[in-house]
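>>> Here is a sequence together with a model predicted from it:
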Amino acid sequence: MSKPLETVLRAPRLVSTMLAARAFSRSPVTPASTDGQQQFRMRSAMDLDPRLGKWVSRRSIHTSEASESTQTHTSSSRVIDSGEIEPAVTGLAHDGYYVFENLADVHLVDAIRKFALQVPCRARGEENDSDAYPRERPLAGRYDFTEEVALRCPEVQEYLTDPVAAEIARQYLRQSVIMDSMAFWWTTPMRPEDASLNAQQFHQDRDRLSFLKFFIYLTDVDSETGPHVYVQGTHRHLPWALRGDGRKSDESVSAAGLAEQVNELCGAAGTVLAVDTIGLHKGKTPTTGDRLILQSQYATSLFGADYERPLFSPSAMTSDRYAASPWTLQRLAGAIRA
């Protein structure tokens, strides 16, 4: 199909997305979900340009709450040094990612890793949780923790409610933000044939219009143990051949002339990454060891993919941070008020 024809077909979906996002934003109560057809239209419209979602968000999403500046609370962070806010925002704008120079607090990292070795997780593609991650003899390429399980750990709560991360997201996206999702998983060298299932082929994330992800390595990560891989600059520009939704092969990325922009983001345990995953990215399949990673995401709206309002026992820090930033942490309200 020709480029002009594809553009014509997606234009009505763009208009529909703008109208739906505006209606979602204006609802007196945040809707419980977005219509499935509207989710499809949003993802399809985003084929037009990787910057389109942010453009739509700034014109359609207007919160009823005053914009929350978290800068006055950033001194409580054990995850990100507040002195890196400005370089992170600048690096994200230029490259699409930023690797923080300062490692997260070693006690926080150790506590989360110890927790991840003791609680139930699920082999991706399987229906049932295992008793714990079988680190000595993994059978699958990826093991995921549910949000309900992950939030049993006070240090995971601390990471997900980090005020410096929220401030970076707010400045980078130039709108109020909501902590809208998390993921927590091990990756292993097993079953490399499951690369697509395990997000180990290049792709874009399109669950929201405008969003920013943070990752923390909880094990040492080098080229052989599954680094995050990012195609520099693709958050701003993508060759037309790569703009469609779905997985992209390494060969197609190279054929598009992007081979020199592919960067493996390695680091010791405690390394934190801020990543605009509207750009092409993947997790590299480990070959010599496993990797444990925890991810949080901030978005300008919950419009898009379905979301949950988790129930868990909040720590005192989580309750205090919710009190300071109820809009940003609104998805946790049910647990705080329970």
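Ah, there it is. Residues are numbered from 1 along each chain as shown.
>>> Please enumerate the strands of the stretch 101-250 of the chain.
Secondary structure of the stretch 101-250 of the chain (DSSP state E, counting those that start in this stretch): strands at 122-123, 142-144, 178-187, 211-217, 228-231.
>>> Show me what the fourth one packs onto, helices and strands only.
Okay, so that is strand 211-217. Counting contacts by 3 or more CB pairs under 8 Å, 6 or more residues apart in numbering; DSSP states H and E, strand 211-217 packs against helix 163-173, strand 272-275, strand 291-299. For glycine as for every other residue, the C-beta is placed from the backbone atoms N, C-alpha and C.
>>> Nearest approach to residue 59 belongs to which of the strands of the stretch 101-250 of the chain?
Among these, the nearest to residue 59 by CB to CB is strand 211-217 (16.3 Å).
>>> hang on, the earlier thing: mind putting the helices and strands packed on strand 211-217 into JSON lines with mean neighbour count, distance to residue 49 and mean pLDDT?
Shown next, in JSON lines, are the helices and strands packed on strand 211-217 (neighbours: other CB atoms under 10 Å; distance: least, CB to CB, whole Å; pLDDT from 0 to 100):
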{"stretch": "helix 163-173", "mean neighbour count": "26", "distance to residue 49": "16", "mean pLDDT": "98"}
{"stretch": "strand 272-275", "mean neighbour count": "24", "distance to residue 49": "19", "mean pLDDT": "98"}
{"stretch": "strand 291-299", "mean neighbour count": "24", "distance to residue 49": "18", "mean pLDDT": "98"}
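>>> which one of the strands of the stretch 101-250 of the chain is the most hemmed in?
Using mean count of other CB atoms under 10 Å, the stretch among those with the largest mean neighbour count is strand 211-217, at a mean of 26.
>>> Kindly reformat the strands of the stretch 101-250 of the chain as JSON lines containing distance to residue 112 and mean pLDDT.
JSON lines is the format used below for the strands of the stretch 101-250 of the chain (distance: least, CB to CB, whole Å; pLDDT from 0 to 100):
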{"stretch": "strand 122-123", "distance to residue 112": "18", "mean pLDDT": "92"}
{"stretch": "strand 142-144", "distance to residue 112": "15", "mean pLDDT": "95"}
{"stretch": "strand 178-187", "distance to residue 112": "9", "mean pLDDT": "97"}
{"stretch": "strand 211-217", "distance to residue 112": "8", "mean pLDDT": "98"}
{"stretch": "strand 228-231", "distance to residue 112": "17", "mean pLDDT": "98"}
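>>> if we compare the ones you listed, which one ends up closest to residue 107?
strand 211-217 (13.6 Å).
>>> Paired strands for the closest one, with orientation please.
Paired neighbours of strand 211-217 in the sheet (DSSP bridges): strand 272-275 (antiparallel), strand 291-299 (antiparallel).
>>> The ones you listed: which one's closest to residue 158?
So among those, strand 291-299 is nearest, using CB to CB, at 10.8 Å.
>>> so how far is the next helix-or-strand element following the closest one from its chain's centroid?
Using DSSP states H and E, the helix or strand that follows strand 291-299 in sequence is helix 316-324. From the chain centre to the centre of helix 316-324 is a distance of 22 Å (CA atoms, centre = their mean, to the nearest Å).
>>> Residues touching helix 316-324, excluding its own?
Helix 316-324 is contacted from outside by 70, 73, 76, 154, 157-158, 161, 163, 314, 329, 332-333, 336, using CB atoms under 8 Å, 6 or more residues apart in numbering.
>>> Many thanks, I have nothing further to ask.
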